[in-house]
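Undergrad: the sequence and its predicted three-dimensional model are supplied below.
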Amino acid sequence: MSLTPAELTSAVSGGIGTSPQRPDGNLKVRGEFAYASDLWHEDMIWGATLRSPHPYARIVSVDLAEALKVPGVHAVLTHQDVPGTNLYGLEHRDQPVLAVDVVRYQGEPVALVGADHPETALRAMKRIKVEYEVLTPVVDMETAERDTPLHPGGNLVRHVPVRRGDQHASAEVVVTGRYEVGMQDQAFLGPESGLAVPAEDGGVDLYIATQWLHVDQAQVASALGMPLDKVRLTLSGVGGAFGGREDLSMQVHACLLALHTGKPTKMVYNREESFYGHVHRHPAVLYYEHGADRTGKLVYVKARIFLDGGAYASSTGAVVANAATLGVGPYEVDNVTVDCWGVYTNNPPCGAMRGFGAVQAAFAYESQMDRLAEALGMDPVDVRIRNAMSEGSVMPTGQVVDSAAPVAQLLKLVQDKPLPPTTASADLRDLPGGVSNTTHGEGVVRGVGYAVGIKNVCFSEGYDDYSTARVRLQVINGEPAALAHTAACEVGQGLVTIMQQIVRTELNVERVTVLPMDTGIGNGGSTSASRQTYVTGGAVKAACAAVREKLAKLAAGRSTADLAELLGDEVIDETVEWRHRTTEPLDPVTGQGNAHVQYGFAAHRAVVDVDVELGLVKVVELNCAQDVGKALNPQAVLGQIQGGSAQGLGLAVMEEIQTAGGKVRNPSFTDYLIPTVLDMPPMNIDVLELADPNAPYGVRGVGEPPTISSTPAIVAAIRAATGSALTRVPVRPEHITGT
């Protein structure tokens with residue numbers, strides 16, 4: 001027997017489908033929220049990291065003597081001081097905690113310093129003498145597999161082929177293209193930071209801003225040579241993530257210094273070090289060929305995709321799989337030939353970033369759809385709708401899309417929106433170039449562009465993807481109160497609020513407290529892949545159901561419907577491990593298989609003004625339509641769509657880590673530009689709620705799809721305004737002017 005929520009008590013406010021105030025909202029607005037960089041402990045020391053100035057070099061010698069003489073220095077450590085395994089990594093343990101005999105990228109950690117003041121640590125760090133034998137770096141992703149091996153197994157991280165239908169199909173209309181995507185940074189505003197505190201039991205407590213507590217715990221414990229229960233992690237305030245905190249940064253380093261000195265150790269990266277200290281979005285080179293009949297129906301798609309994984313694997317293998325399996329886009333096509341390679345180079349390591357492989361592919365396949373429309377003399381939206389997926393469509397992997405896939409509907413929604421007025425504005429902020437006063441409307445041309453994208457949700461390819469949730473129900477001061485505890489990281493996306501909403505809905509309890517996230521409970525998985533509302537939300541919902549089962553036993557034979565009276569002094573405490581439906585690995589030869597849990601879709605229409613003489617772009621409007629399955633928190637959904645679209649805008653026209661010979665040329669927010677409030681245009685957003693019957697509440701991952709289609713829509717609009725081919729993002733002024 002079980003009770004339904006309605007049987008427990010009267011409905012409460014702040015449940016599913018509403019937008020209650022975030023518990024951290026006021027603190028963040030007032031600047032009072034405690035981020036990881038605000039952590040403090042009595043008698044703590046500060047850690048600093050010595051990093052390689054070379055992309056590729058052999059370490060000849062390391063001399064620590066002068067650094068150790070600096071007053072206030074407590075420790076100077078190298079790889080010889082790593083007590084456990086000196087390797088870590090998300091998918092492959094291939095990255096040294098501290099370099100041993102070779103460095104493979106500029107910024108690779110070589111030594112650590114712990115001192116009583118951060119400036120003292122930096123002074124001592126500069127006194128460490130490292131002699132390098134500089135080697136020729138491998139920097140070309142297209143030739144890397146044939147170049148100098150950077151790792152024992154060579155430079156290929158993973159190759160994923162996808163084969164479906166006739167591999168020799170021909171078509172009446174054929175368009176080809178070569179496309180490039182630059183290296184984008186997650187550009188979170190809160191730099192890497194954390195505090196490691198040595199414990200009385202010989203272990204260590206680490207307070208850290210991360211995306212995945214348990215995977216961090218496993219890697220840290222391995223490096224320290226300790227059992228898991230001696231390495232305890234608690235989530236501290238996270239100032240943005242977007243994939244850049246999935247990999248370790250200073251986690252092991254802080255713990256090493258804390259255990260070596262016996263003192264709490266704090267580490268905080270400055271902005272330049274942050275650019276070296278985390279992974280970035282994979283740059284890509286993509287070759288595409290689309291064949292269609294005269295009506296615009298796709299006959300075949302062929303693609304060769306190269307992804308630059310940089311010096312270490314990180315999550316390159318999974319990014320390769322996403323780019324390959326989603327590489328045709330949200331379109332029906334019977335004949336597919338796709339190959340995607342991820343390779344090692346001596347460029348900065350690349351890994352997870354919002355959109356995770358689908359972003360790179362979407363820029364290419366959407367550019368191709370515009371080329372196809374031009375070749376056929378068709379409207380760009382019409383050619384997309386002609387080939388649009390719908391529920392029941394078959395992916396290139398053979399997987400059937402078994403829930404809503406409203407691709408045509410999303411495109412029509414953005415197409416049918418009224419266009420913004422074209423009257424020239426007197427406000428310079430509304431013009432390309434802004435207050436630099438480069439134009440008052442002369443030389444400015446307007447363009448409109450469209451794009452639609454597809455993204456998988458949750459982890460794939462047979463990965464055991466689950467989350468653990470504990471829900472406790474009791475009476476406190478005469479009022480029913482619930483407590484929720486998971487290890488799923490709140491990184492700003494609003495998961496804490498969603499958990500409260502689910503508990504309120506399922507137990508009809510107004511008062512819900514969410515405990516700090518830590519490794520004291522089972523794994524919550526990564527806050528990535530648009531998965532936490534689906535998986536941790538599912539776990540919290542299931543834990544609430546288990547609580548209701550216990551309540552049903554208390555209610556048996558009793559007439560009261562009042563929850564407080566029903567509970568009395570009873571405390572109901574249930575912990576549940578919850579999994580979504582299973583997936584399976586891709587066939588290594590054909591790429592066939594039910595690899596993904598769920599698909600999300602979004603479409604954008606961009607309107608831009610371009611100063612065609614100077615190559616300056618102003619995005620005037622960026623409309624979006626997206627199916628979210630069920631908007632558990634409508635305001636948070638809109639925020640995710642706006643934020644994802646902003647990152648897509650950044651990739652389209654400004655964001656790129658520029659490298660030369662493996663060296664980063666712009667590791668600062670002075671030279672690495674991200675959109676501000678003045679760059680973001682008005683957004684009209686249509687949210688569809690077409691429930692996925694396999695998901696809790698019918699939800700569909702929200703965070704990534706808008707990042708995928710916003711970039712190609714903006715570039716399509718710039719093409720429409722200028723007539724330029726624009727085969728690379730971000731679009732620079734010289735791409736438009738040809739100078």
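TA: Great, that's in hand.
Undergrad: which strand or helix spans residue 713?
TA: helix 705-722 (DSSP states H and E).
Undergrad: and that helix, how far out from the chain's middle?
TA: Centroid separation between helix 705-722 and its chain, computed with Cα atoms, centre = their mean, to the nearest Å, is 20 Å.
Undergrad: what is it packed up against?
TA: Packing partners of helix 705-722 (3 or more Cβ pairs under 8 Å, 6 or more residues apart in numbering; DSSP states H and E): helix 358-376, strand 444-457, strand 598-611, strand 616-627, helix 634-653. Backbone N, C-alpha and C define where each C-beta goes, glycine included.
Undergrad: quick one, which of these is packed in tightest?
TA: strand 598-611 (a mean of 28; mean count of other Cβ atoms under 10 Å).
Undergrad: can you give me the helices for the stretch 151-300 of the chain?
TA: With helices called from DSSP state H, counting those that start in this stretch, the stretch 151-300 of the chain shows them at 213-224, 251-261, 271-277.
Undergrad: repeat for the stretch 351-500 of the chain
TA: Remark: helices assigned in the stretch 351-500 of the chain by DSSP H, counting those that start in this stretch are 358-376, 380-386, 407-415, 495-507.
Undergrad: right, and the helix or strand after the helix holding residue 713?
TA: Defined by DSSP H and E, the subsequent element after helix 705-722 is strand 728-729.
Undergrad: can you tell me what sits against that next one?
TA: 179, 180, 181, 182, 363, 651, 652, 711, 715, 735 (Cβ atoms under 8 Å, 6 or more residues apart in numbering).
Undergrad: list the pairing partners of that strand within its sheet, with orientation.
TA: Paired strands of strand 728-729, with direction, are strand 173-181 (parallel) (DSSP bridges).
Undergrad: buried stuff in stretch 296-313?
TA: Of the residues in stretch 296-313, those buried by neighbour count under the rule 16 or more other Cβ atoms under 10 Å are 296, 298-313.
Undergrad: give the rounded mean pLDDT of the longest helix along the chain.
TA: Assignment by DSSP state H gives helix 532-555 as the longest helix of the chain. For helix 532-555, the mean pLDDT works out to 96.
Undergrad: what of stretch 45-55?
TA: 98.
Undergrad: how far out from the middle of the chain is that stretch?
TA: Worked out by Cα atoms, centre = their mean, stretch 45-55 lies 26 Å from the chain centre.
Undergrad: ok so, going back, which one of the helices and strands packed on helix 705-722 lies nearest to residue 387?
TA: With Cβ to Cβ as the criterion, residue 387 lies closest to helix 358-376 of these, at 8.1 Å.
Undergrad: report the secondary structure state of residue 320.
TA: helix (DSSP: H, G, I helix; E, B strand; the rest coil).
Undergrad: what about the strands in the stretch 101-250 of the chain?
TA: 102-103, 109-115, 129-134, 156-164, 173-181, 193-198, 204-208, 231-235 (DSSP state E, counting those that start in this stretch).
Undergrad: beta partners of residue 161?
TA: Going by DSSP bridges, residue 161 forms beta bridges with residue 339.
Undergrad: from residue 340, how far out is it?
TA: Distance from residue 161 to residue 340, counting by Cβ to Cβ, to the nearest Å: 8 Å.
Undergrad: low-confidence regions, this protein specifically.
TA: 1-3, 6-10, 560-561 (pLDDT under 70).
Undergrad: as a quick check, tell me the outermost residue of the protein.
TA: Each residue of the chain has a distance to the centre, and by Cα atoms, centre = their mean the biggest one is for residue 557: 50.6 Å.
Undergrad: now the helix holding residue 713 against strand 616-627, angle please.
TA: 140 degrees (axes from the mean of the first three to the mean of the last three Cα atoms, to 10 degrees).
Undergrad: check which residues of helix 705-722 are buried.
TA: Those would be 705-722, for helix 705-722 by 16+ other Cβ under 10 Å.
Undergrad: list the contacts of residue 20.
TA: 13, 14, 497, 500, 501, 633.
Undergrad: so who does the residue lying closest to the fourth one once chain neighbours are set aside touch?
TA: The shortest distance from residue 500 to any residue that is not its chain neighbour, by Cβ to Cβ, 6 or more residues apart in numbering, is 4.4 Å, and that residue is residue 512. Neighbour list for residue 512: 481, 482, 483, 484, 499, 500, 503, 504 [criterion: Cβ under 8 Å, 6+ apart].
Undergrad: what of residue 714?
TA: 449, 604, 606, 608, 619, 622, 648, 649, 652, 653.
Undergrad: for the residues you listed, give me TSV that also has distance to residue 269.
TA: What follows is those, written out as TSV (distance: Cβ to Cβ, whole Å):
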residue	distance to residue 269
449	37
604	34
606	34
608	35
619	31
622	32
648	26
649	26
652	28
653	27
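Undergrad: looking at those, which is nearest residue 289?
TA: The closest of the contacts of residue 714, once distances to residue 289 are taken by Cβ to Cβ, is residue 449, at 21.9 Å.
Undergrad: picking that back up, residue 590: which of the strands of the stretch 101-250 of the chain is closest?
TA: Nearest of the strands of the stretch 101-250 of the chain (Cβ to Cβ): strand 156-164, 4.6 Å.
Undergrad: what comes up buried for that closest one?
TA: 156, 157, 158, 160, 161, 162, 163, 164.
Undergrad: same check on stretch 493-510?
TA: 493-510.
Undergrad: and if you look at stretch 473-488?
TA: 473, 474, 475, 480, 481, 482, 483, 484, 485, 486, 487, 488.
Undergrad: so how many other residues sit close to residue 688?
TA: 17 (other Cβ atoms under 10 Å).
Undergrad: for it, list each beta-bridge partner.
TA: In beta-bridge terms (that is, DSSP bridges), residue 688 pairs with residue 627.
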